[in-house]
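Chemist: Pasted the sequence and its predicted model underneath.
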Amino acid sequence: EADIYQTPRYLVIGTGKKITLECSQTMGHDKMYWYQQDPGMELHLIHYSYGVNSTEKGDLSSESTVSRIRTEHFPLTLESARPSHTSQYLCASSDEGRVTNEKLFFGSGTQLSVL
Amino acid sequence: GDSVTQMEGPVTLSEEAFLTINCTYTATGYPSLFWYVQYPGEGLQLLLKATKADDKGSNKGFEATYRKETTSFHLEKGSVQVSDSAVYFCALSYNTDKLIFGTGTRLQVFP
């Protein structure tokens, strides 16, 4: 049902590298989100966007940055990866205008490991 | 602030057993409540939801009732299957566009 794609699925890199996690959706959704899922499974909102050129920081402080130049694309960038960035990153989108009917569509996630 | 508390896992059951995963919430108003499921190697999927007190959400044999008096939204299923093995997340959305998730509960069902 969900047409939201994340790449890569797995990424192992060395400390100090710059990386970009890709997220694309083909549903025309205005709202997009990035969640970080730690090994204990808890999900934390790190970024969100309500549309093109709109980006906001979430509840959990993150050294990553995001951009929203096109509706369908919401990439997340780490300028200099560190081992503390090792985590699962989940992208989501929603086109629900009313809060009480909020429904998120999630991508399959990117598992990032920084050595 | 608003928060969601779930019972710790893993929950380990035999096939056809009865399932309960507890979820309670703290909110200053009247949030909508959700259960999401994450199957191995996949993203989260909405399982069911309830938007006001006494509403019952149901899907795929799972049920949860929004209990305002006990601030709870416990997930239940009468007879679990091996294919139900996954991580289950309780969540609320209150007056914002963002979901607040619980820590997740892993369910393992054995034949």
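Modeler: Sure thing, it's come through. Computed from a prediction, not measured in an experiment: that's the story for all the values here.
Chemist: Please make it C-alpha for all contacts and neighbour counts, starting now.
Modeler: Fine.
Chemist: anything in the lowest-mean-pLDDT helix or strand in chain B near chain A?
Modeler: The helix or strand with the lowest mean pLDDT-type score in chain B, counting by mean pLDDT, DSSP states H and E, is strand B:100-101 (a mean of 88). Yes. Strand B:100-101 comes into contact with chain A when judged by Cα under 8 Å from any Cα of the partner chain, the residues involved being B:100-101.
Chemist: Could you do stretch B:51-66 as well?
Modeler: Yes. Between stretch B:51-66 and chain A, judged by Cα under 8 Å from any Cα, the touching residues are B:Thr51.
Chemist: can you list the weak-confidence ranges in chain B?
Modeler: B:95-97 (pLDDT under 70).
Chemist: Next: chain A.
Modeler: Across chain A, residues meeting the criterion (pLDDT under 70) sit at A:1-2, A:40, A:96-102.
Chemist: what about the strands in it?
Modeler: Chain-ordered strands for chain A, with DSSP state E as the definition, fall at A:4-7, A:10-13, A:19-25, A:31-37, A:43-51, A:54-57, A:65-66, A:76-78, A:87-94, A:105-106, A:110-114.
Chemist: so can I have CSV of the ones you listed showing mean neighbour count and distance to B:Lys56?
Modeler: Formatted as CSV, those follow (neighbours: other Cα atoms under 10 Å in any protein chain shown; distance: least, Cα to Cα, whole Å):
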stretch, mean neighbour count, distance to B:Lys56
strand A:4-7, 19, 29
strand A:10-13, 13, 38
strand A:19-25, 20, 31
strand A:31-37, 24, 27
strand A:43-51, 22, 25
strand A:54-57, 16, 33
strand A:65-66, 19, 37
strand A:76-78, 18, 37
strand A:87-94, 25, 23
strand A:105-106, 25, 22
strand A:110-114, 20, 34
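Chemist: For chain B, find the nearest of these.
Modeler: Evaluated with Cα to the nearest Cα, the strands of chain A place strand A:105-106 nearest to chain B, the distance being 5.3 Å.
Chemist: quick one: is the closest one near chain B?
Modeler: Yes. Against chain B, strand A:105-106 shows contacts by Cα under 8 Å from any Cα at A:105-106.
Chemist: what's the nearest residue to B:Tyr88 if we skip its chain neighbours?
Modeler: Once its chain neighbours are removed from consideration, B:Tyr88 has its nearest residue in B:Val37; the separation is 4.5 Å (Cα to Cα, 6 or more residues apart in numbering or on different chains).
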